[in-house]
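Asks: Here's my sequence, what's the structure:
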Amino acid sequence: MTSTQREIEVSYDVSNEFFRLWLDENMHYTSASYLTGTETLEQAQLQKCKILYDYAEMNPEKLVLDIGCGWGANLQYLALDRGVKRSHGITLSTAQCEEIQARKLPGVTAMVCDYKDYAPAEKYDALISIEMIDHLCSPAQAREGKAVEIYRNYFNKCATWLKPGACFGFQAILRNVVPRSKKDLLDLQFTADVIFPGGLNPRLEELIMAAHPAFEVLEVRTQRESYGKTTAEWYRRLQLHEAEIRSKWGDQVYADYDRYLSTCVRAFDKHWSSDVQMKLRKV
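Replies: Numbering: from 1, shown residues only. Below you'll find the predicted structure:
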């Protein structure tokens with residue numbers, strides 16, 4: 001099943017202030033897009049938003065939905081950087097929704113809602129979703145061969161919210177090569193079970209299969225190295241705030257996130273994981 005609200009809160013509701021310490025200034029919790037390799041994390045995150053904005057064929061007059069909108073970083077980009085007049089966001093995290101509302105972004109509406117239950121009052125001109133799909137299929141369901149069906153149901157549902165011919169700027173973490181050492185396997189299992197319970201990163205071929213027949217895949221761009229740089233910078237910033245984190249949230253929280261982020265850096269370096277951006281068009 002899709003990750004429950006309780007599982008989502010385990011992943012994202014530690015504390016907004018905790019995440020603010022080591023994410024970028026706008027709190028993107030997804031891969032940035034390093035195009036030259038010399039950008040700051042903040043610059044690379046805005047480049048990610050621009051790529052997906054372009055993939056969604058957005059303009060300020062279009063109504064867009066951000067599925068799994070996090071703390072509102074992409075919604076903020078849409079409203080403030082691009083002047084989009086109306087944008088909606090859905091998340092399963094109460095803390096994330098409260099953060100969005102506190103930002104008072106013009107034209108932005110955010111709500112706590114499971115995508116399966118979402119019923120918009122009008123059709124959207126565009127969709128954007130950034131690394132939300134890893135919360136849809138559990139490891140057990142993937143072992144049972146249900147992943148493509150679950151992802152296809154998601155894409156089919158998304159297509160019902162769109163006007164004909166509209167585009168979807170989509171980004172997802174990918175699982176690639178399975179590591180061979182016991183420690184590496186245990187670290188990946190820890191990340192899945194403790195930091196992101198109930199979720200699993202899809203394989204690229206599963207997404208391509210699942211997008212059809214609702215969407216035509218127009219462009220595919222992978223960015224494994226960008227996610228390696230992103231997680232390395234998150235890890236560096238986490239370490240800078242070790243004393244504060246241990247003091248405010250405890251030794252176990254610091255230890256868990258130290259293990260998780262160091263595992264992420266290795267995962268992207270060693271090709272266990274990657275990231276993909278896709279331009280999809282409703283058929």
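
Asks: Return the residues in contact with the residue nearest in space to the middle of the chain.
Replies: Nearest to the mean C-alpha position of the chain, by C-alpha atoms, centre = their mean, lies residue 131 at 2.5 Å. By C-beta atoms under 8 Å, 6 or more residues apart in numbering, the contact list for residue 131 reads 29-31, 68, 171-173, 275. Yep, even glycine has a C-beta here, placed from its N, CA and C like the rest.

Asks: Disregarding flanking residues, what is the spatial nearest neighbour of it?
Replies: Once flanking residues are discounted, residue 131 sits nearest to residue 30: 4.4 Å by C-beta to C-beta, 6 or more residues apart in numbering.

Asks: thinking again about what came up before, so what does the residue nearest to the centre of the chain have for phi and psi?
Replies: phi 60, psi 40 (degrees, to the nearest 10).

Asks: That one and residue 163: what is the separation?
Replies: 25 Å (C-beta to C-beta, to the nearest Å).

Asks: that older thread, ok, and the most crowded of the contacts of residue 131?
Replies: residue 31 (28 neighbours; other C-beta atoms under 10 Å).

Asks: So what's the residue count around the closest residue to that residue other than its chain neighbours?
Replies: Leaving aside its chain neighbours, residue 31 sits nearest to residue 227 (4.0 Å; criterion: C-beta to C-beta, 6+ apart). Using other C-beta under 10 Å, residue 227 has 25 neighbouring residues.

Asks: likewise residue 243?
Replies: With other C-beta under 10 Å as criterion, residue 243 counts 9.

Asks: Show the secondary-structure elements that the helix or strand hosting it is packed against.
Replies: Remark: residue 243 resides in helix 242-249, with elements defined by DSSP states H and E. Judged by 3 or more C-beta pairs under 8 Å, 6 or more residues apart in numbering; DSSP states H and E, helix 242-249 is in contact with helix 16-22, helix 251-269.
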